[in-house]
Each structure stands twice: as structure tokens, then as C-alpha cells.
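Student: 3D model of this:
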Amino acid sequence: MSSQEYQLVIIGGGPAGLTAGLYAARDRLKVLLVEKGALGGQVLVTDWIDNYPGFPDGISGFDLIDKMSAQAARFGLENKVAPVTSMDLSGKSKKLFLENGDILECQTLILTTGARPNTLDIPGEAELTGKGVSYCATCDGPFYKEEEIIVVGGGDTAIQEADHLTKFASKVTVIHRRDKLRATMVLQENAFANEKINFIWNSSVISVKGKTAVEGVQVRNNDGEESFIKATGVFILIGTIPNNEILPLDQLGADERGFIITDEEMRTKIPGVMAAGDIRSKAVRQVVNAAGEGAVAAISAEDYLSQLA
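Tutor: Model prediction:
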């Protein structure tokens, strides 16, 4: 067991964490980025990104993270692969306890632990993620121009995104396990008035079909009857889960879903602790705004450190 001290520790190696690390390392802070696995987070399972500035032809999620991490490494960002099991944020020096027994101490901390989409956990879903299965209509909708696609879900996000997807797709079929939607009435009215949206009620998607790309889904209704629906894209929009298992939410301040609440400068309720990216309580979760929030969080951390000097 060992103990190491840093000016700044960043937990999470997605776009927010890497950008924060880039800014901090470039300003010569003693900074460490801790990631429990491979750098990149959800971006690694994104087959193609068409809406990140600076890449007019698009870029794969893997290549984008590779470029981000290489840029941060050029300025000397130190990375450590180790799960954080718990933390003590009560003192001026924040303590992070790692799975291997090591302890990290830091004056400032940036939380970029991210979030993950709820999944259906059905055959074909994981295998075809990024190959027709998506969890982000804003990210992947433009790939389905004049094609038939499926949206799974009945809440605000699912119905709002279904309406958005009709800008590209020739037909959007919403599959919902109940006989009525949970979305707000205004969103429902817009969806029902949209001629491109079709609804299948009281039904669940039980598998995604396709060898190298989505070809359709197998659906079972509440009476047990099954049918196959042809589609080239399946958008599973049944909510997002924050990766907050190791975070002291009562100290940090969180919304009803467990996402961390911050101010515009990414500061939490705890002095010296910032949060950025998908772990934040916010409406939009995109790579580009995660990166921007990472930069803001790093600048806030520097400001905090300067007040301690």
C-alpha cells in the first residue's frame, strides 16, 4: 500500500476527463487521471462520429479517443488504470482509495465518471451496438436517411427523439411495452400528429436480428404472439444511468436520478471538487459539450489552487 499526493486528480478517462487532463497538464499542474479500464468511456463503442468539430469526414470513436489521449500525453498527463472504491472528501485534502489498497491525496478533484444507457439485455443488442443499435438519436440519426428505423421506449426522451428522427428516416416505429406513453402530453401530441411515426403497443423487443448490421427486431406482445419487424436502425431510448456508485452524493449534491449538480463553472457543493461530462445533471449529453465542460472544470480547479497559494 502506498500514498501519493497530487494537485489535481481526475476520475474518468472519457472526453471530459481527457480534456480536463490536457488543460491541467499543459498548465504544468501535478495531475493524475485515474480510469478503471480503457480510456474513452462510451465513445469507444461509438462506431462513427459525424458531429465533432474539426473532422469534416467524421471519425471513429476509437480514433477520436486515441487523438485526445495522445494530445494530453504530449503535455505529460499521467494516467493510472485502477478502480476507485471509495473517497473521503471531507477535508481540504481529498482522499481516494483504490482497489489495490493505494491511497491518492489531492487538493482538487474532477469527477468525470460518466453515465451509461439503460439496455434491454436481449440477444443481438450488444453484438450490433454501433452497427445499427444506438442509444443516441442526435448522434446517429443522420446515418438513416430515407430508411425505416425503430425506437424503443415511451418516455420524454424516446418520443422527442422519435420526432427528431423523422427528419431523416422514411418511417419511425415506436415500440412500447404499455398501452400508453409516459411522455408529456405536448410531446405525445406532436408524435401522434407526425405521419412518419407508427406505434406498436403492449409489446417488447426480445431480440435484434442481423449478422453484420441490424436487419430488424423480433417483437413479442403481451399475449405472447411474436412478429419480425424489418429495420436498419434500432434506437433504444429507455433512460440513462449515472456512474455514481463510488460517489458520496449526499455531500456532492445530486438530482433525483443521481446525476451531480454543479454551477456553470462545474463546481459542486464541495470546495475544490468539480464534475464534468455525462455525470453532470443536464439536458444534453454529447461528446462536444463533455469536452467543453472538462476544460471549464480544469480552469476552475486551477482557480481554486491559486486561492490556496
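Student: show me what contacts Glu99?
Tutor: If you count contacts by Cβ atoms under 8 Å, 6 or more residues apart in numbering, Glu99 has them with 82-85. Heads up, the C-betas are built off the backbone N, CA and C, glycines and all.
Student: Top of those by number of neighbours, please.
Tutor: Across those, the neighbour count under other Cβ atoms under 10 Å reaches its highest value at Val84, namely 21 neighbours.
Student: on that earlier part again, now the contacts of Glu99 in TSV, please, with extra columns for pLDDT and distance to Gly58.
Tutor: As requested, those are arranged in TSV below (pLDDT from 0 to 100; distance: Cβ to Cβ, whole Å):
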residue	pLDDT	distance to Gly58
Ala82	93	33
Pro83	94	33
Val84	96	33
Thr85	96	38
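Student: Now, those that are in strands?
Tutor: Using DSSP state E to define strands, the subset of the contacts of Glu99 located there is 84-85.
Student: can you tell me which of the contacts of Glu99 lies nearest to Thr184?
Tutor: Nearest to Thr184 among the contacts of Glu99, counting by Cβ to Cβ, is Val84 at 37.4 Å.
Student: From what I see, that closest one and Lys95 are in contact.
Tutor: No: under the criterion of Cβ atoms under 8 Å, Val84 lies out of contact with Lys95, with a separation of 10.5 Å.
Student: still on that earlier bit, out of the contacts of Glu99, which comes closest to Val208?
Tutor: Taking Cβ to Cβ as the measure, Val208 lies nearest Pro83 of these, at 30.5 Å.
Student: Please name the residues that touch the closest one.
Tutor: Shown in contact with Pro83 (Cβ under 8 Å, 6+ apart): 36, 98-99.
Student: ok, so of those residues, who is nearest Lys171?
Tutor: Minimum separation from Lys171 among the contacts of Pro83 (Cβ to Cβ) is found for Lys36, which lies at 40.7 Å.
Student: Run through the residues that contact the closest one.
Tutor: Lys36 sits next to 81-84 when contact means Cβ under 8 Å, 6+ apart.
Student: how close does it get to Ala20?
Tutor: 17 Å (Cβ to Cβ, to the nearest Å).
Student: picking up where we left off before, please convert the contacts of Lys36 to TSV, extending it with distance to Val172.
Tutor: Compiled in TSV, these are given as follows (distance: Cβ to Cβ, whole Å):
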residue	distance to Val172
Val81	41
Ala82	43
Pro83	40
Val84	41
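Student: And the residues you listed, which is closest to Ile238?
Tutor: Distances from Ile238 to these, taken by Cβ to Cβ, are shortest for Pro83, at 26.9 Å.
Student: show me where the stretch 1-150 of the chain has helices.
Tutor: Secondary structure of the stretch 1-150 of the chain, counting by DSSP state H, counting those that start in this stretch: helices at 15-26, 61-74, 137-140.
Student: counting contacts, what elements does the last one pack onto?
Tutor: So that's helix 137-140. For helix 137-140, the contact count by 3 or more Cβ pairs under 8 Å, 6 or more residues apart in numbering; DSSP states H and E identifies helix 156-165, strand 233-236 as packing neighbours.
Student: Kindly report the same for the first one.
Tutor: Helices and strands touching helix 15-26, by 3+ Cβ pairs under 8 Å, 6+ apart, are strand 3-11, strand 31-35, helix 61-74, helix 287-308.
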